[in-house]
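In: turn this into a structure:
(chains A and B)
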There are 2 protein chains.
Amino acid sequence: MELYDQKFDFRDERNLSLVMDFYELTMSQCYFNSKTKDKIVTFDLFYRKNPDQGGYAVFAGLEEVIGYIQKLHFTKEDISYLRSLKRFSEAFLQYLSEFRFTGDIYAVKEGTPVFPNEPLIRVKAKLIDAQLIETALLLCVNHQTMIATKARRIVRAAGGRAIMEFGARRAHNFDAANFGARAAYIGGVAGTATTYAGQKFKMPVLGTMAHSFVQSFDSEYEAFLTYAQSYPESCTVLLDTYDTLHSGLPNAIKVAKQYLEPNGYRLAGVRIDSGDIAYLSKKIRKALDGAGMQDCSIVVSNSLDEYLITSLISQGAQINSMGVGENLVCSKSTPVFGGVYKLSSVFEGEKNIPKIKVSENVEKVTNPGYKDLYRIYDKESGMALGDLMTLHGEKIDIDQDLTIYHQMNSWKNKTILGGTYVIEDLLQPIFINGKLVYDAPSLEEIREHSKEAFTHIWDEIQRFEYPQTYYVDLSKNLLDLKLSMLEEVKHVK
Amino acid sequence: MELYDQKFDFRDERNLSLVMDFYELTMSQCYFNSKTKDKIVTFDLFYRKNPDQGGYAVFAGLEEVIGYIQKLHFTKEDISYLRSLKRFSEAFLQYLSEFRFTGDIYAVKEGTPVFPNEPLIRVKAKLIDAQLIETALLLCVNHQTMIATKARRIVRAAGGRAIMEFGARRAHNFDAANFGARAAYIGGVAGTATTYAGQKFKMPVLGTMAHSFVQSFDSEYEAFLTYAQSYPESCTVLLDTYDTLHSGLPNAIKVAKQYLEPNGYRLAGVRIDSGDIAYLSKKIRKALDGAGMQDCSIVVSNSLDEYLITSLISQGAQINSMGVGENLVCSKSTPVFGGVYKLSSVFEGEKNIPKIKVSENVEKVTNPGYKDLYRIYDKESGMALGDLMTLHGEKIDIDQDLTIYHQMNSWKNKTILGGTYVIEDLLQPIFINGKLVYDAPSLEEIREHSKEAFTHIWDEIQRFEYPQTYYVDLSKNLLDLKLSMLEEVKHVK
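Out: This next block holds a predicted model:
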């Protein structure tokens, strides 16, 4: 059996099919037993709150989702493991052993700026198919979207200075190091220190040296010299093993003057990993410039995040590039991305019955129905005016006025004049009848797409402090449906 | 080539060798070029601060480390990838293509309570060997130790009620879901929802049902009945899809009375996933008891962590077991475990030269030298009095008085009378000359060891609020060495 579509680049050596919540399997057996398994349903994957009180998220993880679904199957070992749990009938196990995903999946392109409550992935499939992919969809999207978003925030703060992803040692295990590096690249970092990610995802790998390297030699100068001899063209030395200004810096200049420059090379950079970066970097810049080393970069690291970077730059710190570790790869300030996967409708034959999940908490009420998602752009400026959810198949005539409605309150609405806007259908076909139809872009293309897409998002949405809320609105039909369903489920207590 | 020792249970399908910071490779080439690669060095892996302002951590991740090191090798594909980066010489690539780890590794047993600044893993190896394993050692230990510690805190708060690990969908990718479940099991959870972890690590898998399951049927009662028909012996239903007290609860009782009990079964449990758990659980307990269903468990979930669980229990919430998601598997309140890996000594022939990493920050000064680590127990009570680091090979005669010293201040010391204490050598041999010598315990054994080991740790160390600081002290020889080295490196500025 060919597990992956040939045109699809991503491969995982593992069979990860069983990385699913056990209830996906027990519920599936119920569907199987009750003959509801082939009922066609729709699910939306969406999230409710932007990370870090920000104004957006950067959608990522789709390629990994595609890989999971393409490979999703239950091996003999999987089946005998499930049999050993004594919860499943032979008929169901037989069914599982032949299972392959057969549904339709539409999704937003990776790298796209996305916003709360809109479907990032829309699944239309047999109930059992839709259920079995839930855990992996959420896991891949939650992780990579979180890291891509964090990376974009950090890259934005750096104002054009290169950010290097340095966090593998603090990542939540191997996948988090590798896919975290990938997601960070989508978010705009210049490269990663994780060699495997470089190999697997064809992204740049970078690195300098460790304190232990310096310590393993008899002197700091000997360490720098040895490094310079091996890498004369790209020598960046670490200054703070003993004393940044009184030992590291003079030794760096010495190695430039006594070894590199006489041999026709220049010292590429110096790195500081502790101490008062603002103060030290200015002192170092001055000393380097004084030694005629204006082209020597200052690389800094040490618990950087978007706020510290903003502060350092505002203090006039002299920084050319930055390495960011745990704050990026663990998204330390916001280590959970809360994507959810909710049933939106059920088909009874041709009839589509919308479903809603009510909650006492207004923010947790879902948008019901099988839906489409559009981004609306101002024709003249090219800037995004907002996103619009409609019922599936609603037509938008861009020559006509378009009124978009707040997700809960019909008096909050806005009309955009016909002829002044264009629309983009955000949900792209990925799988149709279980067959991959998506021509997956390369990681470079995804990164470029993301960069470009953000040029259409107002700075007011992208700022860190009290960002403006981006409009994610409903069509009149969808709002009416939602309000009428909420009316229906109201209880008289 | 046989990659894994036969007696070793853990296998990873992937070749993860290149999950290393790129600088491990560039530094290694320097060692190779400068003929220092075979210099024997010692490194300690330790951490500086307990998670969550707590009093301890639970060491975990060793088995994964063993798997990485056993398999560590560079394939033809790895070598040609590295060649493509144009940073490495053919001689070095040739060396790498034959590389296997040949050093000694000692480590604390998984599940052991551990404390800041003590070596959890001690490596004695060629400089190049010690360097190449750095990233993976830190990554595995940092992740699993963080989760095992968090799990233990949550399990402790639950006071005997079962905790189920439910977090895969929010984990930082697949490995974090799987190894997170494993680490949580070491920390004491009863099982996981992640099926793959159950299969791979032979741990219990558990699950109930999702809101979408209930919604996919025409009525809540039909959903419950269908589930009961499939799982009459282990039926736990989810109450809060529509209205916990006015719909879910009566339907649960109805399915018990109309279907399960007439057929000789009992309703195993009900689950609540939203709302005021303290209030709802009491109401539900009363109603269930009133219906003669005293044996029906109440399972709760929804953003639980050790603090919320403590609060619920103190409010008299009626809870039999709990599902914990993102707060456990992402260790949300403390999503980074800061293990570090520091050079402690270098051998020049037979002579061992201790190394120290100084820092303006006193807590960041390392303990120098090739060291041993002992736990000291009171002979009568069996309780741990503290841990002691010595220089390697120092003998402790338990019939003699033992004076242990604060890590920085010689006036802070404590003498334990000879004959009143026993000692345990915490660092166990794992690899000797690159050969695995450790008989790795099963996951169940690790979990039992952890549980037992914590019975020797005073409650005052384990409490959440202002825990007592556990002693991690130095021998006189080690403290003298450290202070003299600090004196030596002092700069006259």
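In: near chain B at all, stretch A:341-350?
Out: Yes: interface with chain B: stretch A:341-350 contributes A:341-343, A:346 (Cβ under 8 Å from any Cβ of the partner chain). C-beta: built from backbone N, CA, C; applies to glycine.
In: I'd like those as JSON lines, with secondary structure, neighbour count and pLDDT appended.
Out: Rendered in JSON lines, the data for the residues of stretch A:341-350 next to chain B read as follows (DSSP: H, G, I helix; E, B strand; the rest coil; neighbours: other Cβ atoms under 10 Å in any protein chain shown; pLDDT from 0 to 100):
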{"residue": "A:341", "secondary structure": "strand", "neighbour count": "21", "pLDDT": "97"}
{"residue": "A:342", "secondary structure": "strand", "neighbour count": "21", "pLDDT": "97"}
{"residue": "A:343", "secondary structure": "strand", "neighbour count": "26", "pLDDT": "96"}
{"residue": "A:346", "secondary structure": "strand", "neighbour count": "21", "pLDDT": "96"}
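In: closest one of those residues to chain B?
Out: The shortest separation between chain B and any of those is 4.1 Å, and it belongs to residue A:343 (by Cβ to the nearest Cβ).
In: and the pLDDT at the residue nearest to the closest one when sequence neighbours are not counted?
Out: Leaving aside its sequence neighbours, residue A:343 sits nearest to residue B:212 (Cβ to Cβ, 6 or more residues apart in numbering or on different chains; 4.1 Å). Here the pLDDT value assigned to residue B:212 is 93.
In: distance check, residue B:212 against residue A:361.
Out: Taking Cβ to Cβ, to the nearest Å as the measure, residue B:212 falls 18 Å from residue A:361.
In: quick test: name the residue nearest the centre of chain A.
Out: To find the centre residue of chain A, average its C-alpha atoms and take the closest one (Cα atoms, centre = their mean): that gives residue A:145, at 2.3 Å.
In: now do that residue against chain B, distance only.
Out: Residue A:145 is 12 Å from chain B, where distance means Cβ to the nearest Cβ, to the nearest Å.
In: the stretch 201-350 of chain A: strands as residue ranges?
Out: A:236-238, A:269-272, A:297-300, A:321-324, A:340-348 (DSSP state E, counting those that start in this stretch).
In: could you pull up the residues touching the residue nearest to the centre of chain A?
Out: Residue A:145 makes contacts with A:47, A:57-61, A:114, A:120, A:183, A:337, A:339, as judged by Cβ atoms under 8 Å, 6 or more residues apart in numbering or on different chains.
In: now residue A:486: which helix or strand?
Out: Secondary structure here is read from DSSP states H and E; on that basis residue A:486 sits in helix A:476-489.
In: state the mean pLDDT of that helix.
Out: Looking at helix A:476-489 alone, the average pLDDT works out to 93.
In: so is that helix next to chain B?
Out: Yes: on the criterion Cβ under 8 Å from any Cβ, helix A:476-489 is in touch with chain B at residue A:489.
In: on that earlier part again, so which of the contacts of residue A:145 are in helices?
Out: residue A:183 (DSSP state H).
In: neighbour count, pLDDT and distance to residue B:312 added to the contacts of residue A:145, as TSV?
Out: Rendered in TSV, the data for the contacts of residue A:145 read as follows (neighbours: other Cβ atoms under 10 Å in any protein chain shown; pLDDT from 0 to 100; distance: Cβ to Cβ, whole Å):
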residue	neighbour count	pLDDT	distance to residue B:312
A:47	23	98	27
A:57	26	98	32
A:58	27	98	36
A:59	29	98	36
A:60	32	98	36
A:61	33	98	34
A:114	26	98	35
A:120	26	98	33
A:183	34	98	35
A:337	27	98	26
A:339	25	98	27
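In: so which of the contacts of residue A:145 reach chain B?
Out: Here is what survives when the contacts of residue A:145 are matched to chain B using Cβ under 8 Å from any Cβ: A:337, A:339.
In: for the contacts of residue A:145, which one is nearest residue B:83?
Out: Ranking the contacts of residue A:145 by separation from residue B:83, with Cβ to Cβ as the measure, puts residue A:183 on top at 27.3 Å.
In: so how many other residues sit close to residue A:361?
Out: A total of 10 residues lie near residue A:361 under the criterion other Cβ atoms under 10 Å in any protein chain shown.
In: gap between it and residue A:142?
Out: Distance, residue A:361 to residue A:142, by Cβ to Cβ: 20 Å.
In: next one: residue A:22
Out: In this structure, residue A:22 lies at 19 Å from residue A:142, with Cβ to Cβ as the measure.
In: now swap in residue A:484 and tell me
Out: 32 Å.
In: the more surrounded of these two?
Out: Neighbour tally, residue A:484 and residue A:142, criterion other Cβ under 10 Å: the higher count belongs to residue A:142, 26 against 11.
In: can you tell me the helix or strand for that one?
Out: Following DSSP H and E, the helix or strand that holds residue A:142 is helix A:134-158.
In: can you check residue A:95 too?
Out: Counting by DSSP H and E, the element that carries residue A:95 is helix A:90-97.
In: tell me the helix or strand right after that helix.
Out: Sequence order places strand A:104-107 as the next helix or strand after helix A:90-97, per DSSP H and E.
In: where does the stretch 1-150 of chain A have low pLDDT?
Out: Counting by pLDDT under 70, the low-confidence segments of the stretch 1-150 of chain A come to A:1-3, A:5-10.
In: quick one on the thing from earlier: now distance to residue B:128 too, for the strands of the stretch 201-350 of chain A, in JSON lines please.
Out: As requested, those are exported to JSON lines (distance: least, Cβ to Cβ, whole Å):
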{"stretch": "strand A:236-238", "distance to residue B:128": "19"}
{"stretch": "strand A:269-272", "distance to residue B:128": "22"}
{"stretch": "strand A:297-300", "distance to residue B:128": "24"}
{"stretch": "strand A:321-324", "distance to residue B:128": "23"}
{"stretch": "strand A:340-348", "distance to residue B:128": "47"}
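In: closest to residue A:156 out of those strands?
Out: In this view, those are compared for proximity to residue A:156 by Cβ to Cβ, and strand A:321-324 is the closest at 12.7 Å.
In: wait, the residue nearest to residue A:343 touches residue A:44, no?
Out: No: look at residue B:212 against residue A:44 with Cβ atoms under 8 Å: they stay out of range, at 10.9 Å.
In: which residues are in contact with both of those two?
Out: Listed contacts common to residue B:212 and residue A:44 are A:341-342; contacts here mean Cβ under 8 Å, 6+ apart.
In: residues contacting residue A:301?
Out: Residues near residue A:301 by Cβ under 8 Å, 6+ apart: A:166, A:271-273, A:322-325.
In: for residue A:230, same thing?
Out: Residue A:230 makes contact with B:26, B:29-30, B:33-34 under the criterion Cβ under 8 Å, 6+ apart.
In: helix or strand: which one has the closest residue to it other than its chain neighbours?
Out: Taking Cβ to Cβ, 6+ apart, and ignoring the residues beside it in sequence, residue A:230 has residue B:30 as its nearest neighbour in space, at 4.6 Å. Under the criterion of DSSP H and E, residue B:30 resides in helix B:22-33.
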